[in-house]
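> Predicted coordinates and the sequence they were generated for:
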Amino acid sequence: MGITKLADLIHFDAPDSKCNKEIGDYSGKIIALDTSIVVNQFRSALPSHLKLSPLTGLFYRTLTFLEHDIKPVFVLEGRPPNQKRAVLEKRAQSTGWNSSQSSSTVSNFKQDCQRLLQLMGVPCIKAPGEAEALCAHLVKSGTVHAVASEDMDTLAFGGTVLLRQLNAKRDSEVTEYSLPKLLEALQLTYTQFVDLCILLGCDYCDKIGGLGPSRALKLIKQHHTIEGVMEHVNRKVLVQKEILQAKEIKHYTPSWFFETPKIDDPVLAWSEPDEEGLVQFLCKERPLKEERVRGRMKKFRESLFKRRKQREVDEKMGQTRQSRIEEFFRATRRRKAESAAVGASSGRKRPKMK
């Protein structure tokens, strides 16, 4: 879920804090991803009668990133706060899972994810708590370039760069959010922004009835904190119980939004995918057809070969273009001087370039 209607608030009140890009713009970049979000996207997209493992989606999605020369770092969820159990249960039910599944089943699935990503040559880190919190920490510390997630709470955790729809098939459908630009546009401190997110509704508390994004922003800018809002707000408009809940939630937020995850700096390394190991795991031990895995790996190798050749061509053309550009600028300066002389003699002024 993330933060309720935060994307709408940004669209109307801080549009300059986001921009549209293409997946190719992140070639060569290290991107952190919450593994559970990628898996849940695949579960939600599958018709219920298809019994494909979410590992299949993780396999295909990872190859897509690698084909674009993106270096993914997958983060596995640790132990979530008790206050988030209701949200996790609701999410699980929407994707066909429920709490009746044992913790050992979930643990086994995480191990399967780790094994798959290891066979694909991609680093995988287990978070001590919230995966989004660790992803945000990785981008804040400069370990990764951005966090790719559909949940807006990456920004509440302090993630400086958030990417949505990184898997977009069409051009210019990736949306990049900048937290520093967002805070500047909203004229809020990071602490005030977190209070705003709590008022809007997050994974730890419901949205407050009668309080939309615009009014929540106005109240935080006026009164600076949830406590300030409580002191001055009209009780007839906002439900007292919900305000008290938001205040109680805020009491626990340092362990969610503000604390640095207790984990050693990860050592990140990527290697070539192990095709034979992937076939053994996905086709021999799992029901995926071998021709599908082989065919996708063939396409992956061909894509890498084309990209490598194109890079070599670009490097050569870049040197050629550079020499031509220098020649062009020399000629342009001469023409500019000549044109200026002509303009002066004719009494006409050339328009300034903007």
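Alright, I've got the coordinates. Residues are numbered from 1 along each chain as shown.
> can you give me the strands in this protein?
The residue ranges that make up the strands of the chain, judged by DSSP state E, are 18-21, 30-34, 71-76, 124-126, 146-148, 161-164, 174-178.
> could you measure Phe65 against Ser27, distance?
Taking C-beta to C-beta, to the nearest Å as the measure, Phe65 falls 10 Å from Ser27. C-betas here are computed from N, CA, C, even on glycine.
> Neighbour count for the two, which is higher?
Looking at Phe65 and Ser27 with other C-beta atoms under 10 Å, you find the greater number of neighbours at Phe65, namely 20 against 14.
> what's the nearest residue to the more buried one if we skip its chain neighbours?
If you skip the residues right next to it in sequence, Phe65 has Pro72 as its closest partner in space, 4.7 Å away by C-beta to C-beta, 6 or more residues apart in numbering.
> Who does that neighbour form a beta bridge with?
Partner residues in beta bridges with Pro72: Ile31, with DSSP bridges as the criterion.
> correct me, but it touches Ile31?
Yes. At 5.6 Å, Pro72 counts as touching Ile31 under the criterion of C-beta atoms under 8 Å.
> For these two, list the residues in contact with both.
Residues touching both Pro72 and Ile31 (C-beta atoms under 8 Å, 6 or more residues apart in numbering) are 65, 148.
> picking up where we left off before, how near is the residue nearest to Phe65 to Gly142?
Taking C-beta to C-beta as the measure, Pro72 and Gly142 are separated by 17 Å.
> Met317 too?
Using C-beta to C-beta, we find Met317 at a distance of 32 Å from Gly142.
> What of Arg296?
Taken as C-beta to C-beta, the span from Arg296 to Gly142 is 33 Å.
> Neighbours of the closest residue to Ser36 other than its chain neighbours, how many?
For Ser36, ignoring the flanking residues on the chain, the nearest one in space by C-beta to C-beta, 6+ apart is Glu77 at 5.1 Å. Residue neighbour count, defined by other C-beta under 10 Å, stands at 19 for Glu77.
> Next: Thr35.
Thr35 has 23 neighbours, counted by other C-beta under 10 Å.
> so who does it touch?
The contact partners of Thr35, by C-beta under 8 Å, 6+ apart, come to 58, 74-77, 113, 124, 131.
> Tell me how far the nearest residue to Asp265 once chain neighbours are set aside lies from Phe74.
On the basis of C-beta to C-beta, 6+ apart, the spatially nearest residue to Asp265 that is not a chain neighbour turns out to be Thr143, at 7.2 Å. As for Thr143, its distance to Phe74 is 14 Å (criterion: C-beta to C-beta).
> ok, now Phe157?
The value you get for Phe157 to Phe74, if C-beta to C-beta is used, is 17 Å.
> Same question for Gly318.
The value you get for Gly318 to Phe74, if C-beta to C-beta is used, is 33 Å.
> what about those two, which has more around it?
The residue with more neighbours, out of Gly318 and Phe74, is Phe74; 27 against 9, by other C-beta under 10 Å.
> gap between the more buried one and Phe65?
Distance check for Phe74 against Phe65: by C-beta to C-beta, it reads 10 Å.
> again with Leu138
16 Å.
> Kindly report the same for Gly78.
Gly78 is 23 Å from Phe65, where distance means C-beta to C-beta.
> Any figure for the gap between the residue nearest to Ser36 and Trp270?
As defined by C-beta to C-beta, Glu77 lies at a distance of 22 Å from Trp270.
> what's Pro128 in contact with, if anything?
Each residue near Pro128 by C-beta under 8 Å, 6+ apart is listed here: 78-79, 134, 261-263.
> of Pro72 and Gly142, who's got more company?
Neighbours were tallied for Pro72 and for Gly142 using other C-beta under 10 Å; the higher tally belongs to Pro72 (25 against 9).
> Retrieve the pLDDT associated with that one.
We have a pLDDT of 96 for Pro72.
> again, but for Gly24
In the predicted model, Gly24 carries a pLDDT score of 88.
> residue ranges with poor pLDDT in this protein?
Scanning the chain with the threshold set as pLDDT under 70 gives 1, 44-52, 80-106, 168-172, 203-210, 233-256, 319-354.
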